[in-house]
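# Everything below, folded, please.
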Amino acid sequence: FVESEDQLCPTPLLFAIVILLPAMVITVGLPLFQVPGDGVAFIHGYLLTMACMEVTVSMIKNYCGYLRPYFYDECDFDASTGECAEIPDDSRRSFPSGHSSYSFAALLFTSYYLMGKANVARPMFLPLGPFKVEATNMLLLLSLLPAALATWIAASRVVDNDHHPADIVTGSLIGATWASLWYARYYPSIFAENSPNPVTA
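Below is the predicted model of the structure:
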């Protein structure tokens with residue numbers, strides 16, 4: 001198995017990403033978009049997403065106690081006795097993946113926020129010499145970069161052999177579900193004409 005510090009996305013890096021990236025987006029977004037109530041709506045939605053995701057994932061991890069892929073390597077399994085020398089606490093917390101749920105909760109919520117600001121219902125055109133080029137599709141793709149980063153973080157857990165694929169898919173779905181729910185609570189649909197404006201703060 002891969003030691004924590006040698007993983008593609010160790011836990012300290014994960015927490016830095018899921019805290020700092022949304023914080024940077026809202027810090028830049030508030031003065032850039034100047035939408036009343038935007039900061040409060042974003043913070044409420046983000047915090048509720050993360051809190052609900054953490055409670056859900058922790059409850060399932062503790063209830064299931066599913067073994068990690070490297071369990072027998074880490075527990076010093078003795079084939080002659082059929083027993084482990086030691087059982088680390090975290091070795092029975094494979095399902096669902098915490099990295100996947102954290103990354104999709106925080107970063108998909110951030111992507112939703114950026115897609116809402118792209119306002120696809122009102123196409124944006126940029127002047128390019130004598131022509132005008134529609135920039136809406138490019139803005140939408142750029143808005144998906146945080147979600148793409150979440151996908152990489154989730155996939156890295158398979159590469160590091162820290163989770164089974166089912167752990168990662170389930171964790172991603174949990175994070176995405178809470179992000180979608182709380183974004184819909186505080187913002188209109190990303191396809192609505194008023195998508196940049198929070199519903200309520």
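
# so how far is the helix or strand I17 falls within from its chain's centroid?
Assigned by DSSP states H and E, I17 belongs to helix 11-33. Here helix 11-33 shows a centroid-to-chain-centroid distance of 12 Å under the convention Cα atoms, centre = their mean, to the nearest Å.

# Which strands and helices lie in contact with the following helix or strand past it?
Reading on from helix 11-33 to the C-terminus, the next helix or strand found by DSSP H and E is helix 38-64. On a contact count with 3 or more Cβ pairs under 8 Å, 6 or more residues apart in numbering; DSSP states H and E, helix 38-64 meets helix 11-33, helix 98-118, helix 165-186. (C-beta placed from N, C-alpha, C; glycine too.)

# relative to helix 98-118, how tilted is helix 38-64?
160 degrees (axes from the mean of the first three to the mean of the last three Cα atoms, to 10 degrees).

# Just say which of the helices and strands packed on helix 38-64 is most tucked in.
Most buried of these by mean neighbour count (mean count of other Cβ atoms under 10 Å) is helix 98-118; its value is a mean of 27.

# angle of that one against helix 11-33?
10 degrees.

# Report the mean confidence score over helix 98-118.
Mean pLDDT, taken over the full extent of helix 98-118, equals 96.

# name the helices or strands packed onto that helix?
Using 3+ Cβ pairs under 8 Å, 6+ apart, helix 98-118 sits against helix 11-33, helix 38-64, helix 136-143, helix 145-159, helix 165-186.

# Excluding its own residues, what touches the fourth one? List them.
Looking back up the chat, that one is helix 145-159. Helix 145-159 is contacted by residues 7-9, 14, 17, 21-22, 25, 97, 99-100, 103-104, 106-108, 110-111, 114, 163, 165, 167-168, 171-172, 175 when judged by Cβ atoms under 8 Å, 6 or more residues apart in numbering.

# Quick check: which of the helices and strands packed on helix 98-118 is nearest to V199?
helix 165-186 (5.9 Å; Cβ to Cβ).

# ok now that closest one, how far from the chain's centre?
Put simply, helix 165-186 sits 8 Å off its chain's centre (Cα atoms, centre = their mean).

# Likewise for stretch 40-50?
In terms of Cα atoms, centre = their mean, the centre of stretch 40-50 is found 13 Å from the chain centre.

# With just CA atoms, put it into CSV.
Extracted in CSV, the C-alpha atoms of stretch 40-50 (Å, rounded to 0.1, in the frame of the first residue of the first chain):
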residue,chain,number,x,y,z
VAL,A,40,-23.9,34.9,2.6
ALA,A,41,-25.6,32.5,0.2
PHE,A,42,-22.4,30.9,-0.9
ILE,A,43,-21.0,30.5,2.6
HIS,A,44,-24.3,29.0,3.9
GLY,A,45,-24.6,26.6,1.0
TYR,A,46,-20.9,25.5,1.2
LEU,A,47,-20.9,25.0,4.9
LEU,A,48,-24.2,23.0,4.9
THR,A,49,-22.9,20.9,2.0
MET,A,50,-19.7,20.0,3.8
